[in-house]
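**Q** sequence and computational prediction follow.
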Amino acid sequence: MEQENKNMDCCGKNSKYKNSQNMCGGGGAVYGLGVIGAGIYFIQHANTFWMGVLGILKAIVWPAFIVFKLLELFKF
């Protein structure tokens with residue numbers, strides 16, 4: 001039974017799907033859409049060109065802002 005559970009892990013090195021290109025995707029698409037959405041948000045709220053540039057940089061690292069706010073909320 002334990003061996004069967006190891007084989008069901010699509011991203012593990014013991015996976016029966018280790019040669020498949022499509023089994024473990026999806027996270028990159030979600031991150032990419034998040035970057036696009038955050039970029040649009042930050043650029044729309046920029047007052048100057050350099051604030052727009054800063055908005056693009058913020059859009060790239062938006063998950064760090066989310067983690068920071070969650071940890072701040074939970075007082076860790």
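**A** It's in.
**Q** let me see the ranges of the strands in the protein.
**A** Counting by DSSP state E, the chain yields no residue ranges for strands.
**Q** identify the single longest helix in it, thanks.
**A** The longest helix of the chain (DSSP state H) is helix 27-44.
**Q** what mean pLDDT does that one get?
**A** Helix 27-44 carries an average pLDDT of 89.
**Q** with stretch 62-72 instead?
**A** 89.
**Q** list the contacts of that stretch.
**A** Under the contact criterion C-beta atoms under 8 Å, 6 or more residues apart in numbering, stretch 62-72 has outside partners Y31, G34, V35, A38, K58. Every residue, glycine included, has its C-beta placed from N, CA and C.
**Q** number of residues surrounding the first one?
**A** Per other C-beta atoms under 10 Å, the neighbour tally for Y31 reads 13.
**Q** do the same with the last one
**A** The number of residues packed around K58, counting by other C-beta under 10 Å, is 17.
**Q** isn't it up against A38?
**A** Yes. The criterion here is C-beta atoms under 8 Å, and K58 meets it with A38 at 6.9 Å.
**Q** please, where are all the helices along this structure?
**A** Along the chain, counting by DSSP H, helices occupy 2-8, 27-44, 49-60, 62-74.
**Q** by how many degrees do the last one and helix 49-60 diverge?
**A** Interaxial angle, helix 62-74 versus helix 49-60 (axes from the mean of the first three to the mean of the last three C-alpha atoms, to 10 degrees): 80 degrees.
**Q** got the angle for helix 62-74 vs helix 27-44?
**A** 80 degrees.
**Q** and for the third one?
**A** Relative orientation of helix 49-60 and helix 27-44, computed by the same axes, to 10 degrees: 160 degrees.
**Q** can you mark which positions in helix 49-60 are buried?
**A** Going by neighbour count (16 or more other C-beta atoms under 10 Å), the buried part of helix 49-60 is G55, K58, A59.
**Q** contacts for that helix next, please.
**A** V35, I36, A38, G39, Y41, F42, I43, H45, A46, F65.
**Q** wait, which of those residues is closest to G26?
**A** V35 (15.1 Å; C-beta to C-beta).
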